[in-house]
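> Structure for the following, please:
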Amino acid sequence: MLKRTCACFLCSMLVFLSAACAGRENTIISLPVTDTDAERRPILEESESTTATVYYATLDKKYLLPLNLTINATKEVARVAMEKLLAGPPTTYASPLLPQDTKLLDLYSSQSTVYVNVTSEILQLDRAQSQLAMDAILCTILPLAEGYNLQLLIEGQVCNRLGIVDISTPLSRPMPGINVDVASRERWRLRENEEVSFGGMALTYYLSDAQAMYLVPQTLFYLPEDEADTAGQPERQSRPAAYAWAVLTAMLEADETESGLYSPFWPGTEILDLWVEDNIAYVDFSAQLTGYGGGTAAESMMLSCLTYTLTSLPAISAVQVLIEGDTGHLPEGFDISKPLTPQAPLNAINN
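Numbering: from 1, shown residues only. Now for the predicted structure:
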C-alpha cells in the first residue's frame, strides 16, 4: 500500500513538472545524463570565506545589482550565495528576482557542470524577469566555479524553459557582460559569429542607482576601431588610457531619463587630460566636477564610481584625481592629494 502511494505521488509530481516546464515548443523533461553519485563533488573554496557576492536587482528590476554580503566562515561559498539569492536582498534598496519560497535542494559539480537543484516554486517566476533572474544565478555561482557551465534543475529534473530562457542545456555567464547598453549589445551580436578574433573588450563602468545607495555595473563593448576616435584626446595615450577614456565618457554621457541610473559627475564636467603611468590613472577634470558644492553622499558616490571603474581596467590599480591640474581636497574635505583605490568590497553590506 505504501509503495503504491509513493508511486502515485511520484507520478503526480512528474505530471506537474511536465506541465509546468512545457512551453509552446517545449513538451518534455528528462533526467540529467551526466549526473551520477560517484561524479558529484561539492564546490569548495581553498580556504574559508566570510563574504559572498550575490546578484539581486535594482528597485525598478531593470539591472543586476551585486551586493557583497557578510556570511559565516565557510568553504561552501557557492551554496551559501545561492541560498542568499533565494532568500532575497537584506536591504530595502534592492529587489529580489526569484519567487518567494523557492528553496535550494542541492548544489554540486559533475565533470564541467555545476548543478543547481531548486524547488518548483521557481516556476512562478514572472516571464518578463526570467532572463534577469537566470543571469543573477549565473553571475552569483559561476565566478566561484571558473571554467564551469551551470545546469538549473527543478526538483531534480531538467526543464526546457524558465520563462523565456532555454534551460534545457548548461549555460555560461552572460556575454559580453551584465547590464549591457543597447549599442554594445548590438555590436556584440554583429561580431560574435565572426570566425576570427576581433579583439573586442568588454569594459565595466559604474553608475549610481536612483537612491544614490549602490553602484550599478554597466558593460561597454569596446572595439579596436574605437581608438580612431581618440584623435582629439591628449597626446599621452596608451591602450589602458584609451579604455579609461571610453568608460569615463560613457559615465559622463549617462542619460538618467532613459536608464534610471545617474552619472556620478556633475553636469558640465569635462576631461581635460588623462594618462596612465606606473599603473596609476591620472585624470584631470574641469572645475565643474565639484559643482555639487557639498554633500557627503554625492562626493562619496562620485569617488566610488570613479575608483571602482578605473581600477577594474587592465593595468590600472589606482586613480589620481586632479581638478584643472591641482590636487588637494574636495568640498566635503576628502583628500585627493594622493592616488586613490577602492577601500571596501563593492556594495558591501554587513548583514
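> Would you check that residue 150 makes contact with residue 144?
No - if you go by C-beta atoms under 8 Å, residue 150 and residue 144 don't touch, sitting 10.7 Å apart. Quick note: C-beta positions are derived from backbone N, CA and C, even for glycine.
> Any figure for the gap between the residue lying closest to residue 201 once chain neighbours are set aside and residue 156?
The shortest distance from residue 201 to any non-neighbouring residue, by C-beta to C-beta, 6 or more residues apart in numbering, is to residue 222 (4.6 Å). From residue 222 over to residue 156 the distance is 42 Å, taken as C-beta to C-beta, to the nearest Å.
> Please, which helix or strand holds residue 72?
Per DSSP states H and E, residue 72 falls inside strand 64-74.
> Tell me which other helices or strands that strand touches.
If you count contacts as 3 or more C-beta pairs under 8 Å, 6 or more residues apart in numbering; DSSP states H and E, strand 64-74 packs onto strand 49-57, helix 77-87, helix 130-141, strand 215-222, strand 348-349.
> Including distance to residue 100 and mean neighbour count, could these go into CSV?
As requested, the helices and strands packed on strand 64-74 are exported to CSV (distance: least, C-beta to C-beta, whole Å; neighbours: other C-beta atoms under 10 Å):
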stretch, distance to residue 100, mean neighbour count
strand 49-57, 14, 21
helix 77-87, 9, 21
helix 130-141, 13, 22
strand 215-222, 24, 23
strand 348-349, 20, 16
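> could you dump these to JSON lines with mean pLDDT and distance to residue 295?
Conversion of the helices and strands packed on strand 64-74 to JSON lines gives the following (pLDDT from 0 to 100; distance: least, C-beta to C-beta, whole Å):
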{"stretch": "strand 49-57", "mean pLDDT": "98", "distance to residue 295": "26"}
{"stretch": "helix 77-87", "mean pLDDT": "98", "distance to residue 295": "32"}
{"stretch": "helix 130-141", "mean pLDDT": "97", "distance to residue 295": "32"}
{"stretch": "strand 215-222", "mean pLDDT": "94", "distance to residue 295": "17"}
{"stretch": "strand 348-349", "mean pLDDT": "94", "distance to residue 295": "21"}
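> export the ones you listed to CSV and tack on distance to residue 114?
As requested, the helices and strands packed on strand 64-74 are arranged in CSV below (distance: least, C-beta to C-beta, whole Å):
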stretch, distance to residue 114
strand 49-57, 15
helix 77-87, 7
helix 130-141, 6
strand 215-222, 22
strand 348-349, 25
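> mind checking which of the ones you listed is nearest residue 279?
In terms of C-beta to C-beta, the element of these nearest to residue 279 is strand 215-222, at 19.5 Å.
> Next, count neighbours for residue 189.
11 (other C-beta atoms under 10 Å).
> How many neighbouring residues does residue 202 have?
For residue 202, the count of nearby residues is 15 (other C-beta under 10 Å).
> can I see the domain layout of the chain?
30-166, 182-349 (automatic domain parsing).
> so what pLDDT did residue 202 get?
Looking at residue 202, its pLDDT reads 89.
> I'd like to know which of the helices and strands packed on strand 64-74 lies nearest to residue 96.
strand 49-57 (6.4 Å).
> Distance from that closest one to the middle of the chain?
Relative to the centre of its chain, strand 49-57 is centred 11 Å away, using C-alpha atoms, centre = their mean, to the nearest Å.
> Offset the numbering so it begins at 37, please.
Okay, residue one is now 37; in that scheme the one you just asked about reads as strand 85-93.
> pretty sure residue 330 belongs to a strand, no?
No - Residue 330 sits outside any strand when classified using DSSP: H, G, I helix; E, B strand; the rest coil, being coil.
> wait, it sits on residue 369?
No - Residue 330 lies out of contact with residue 369 (C-beta under 8 Å); the separation is 9.7 Å.
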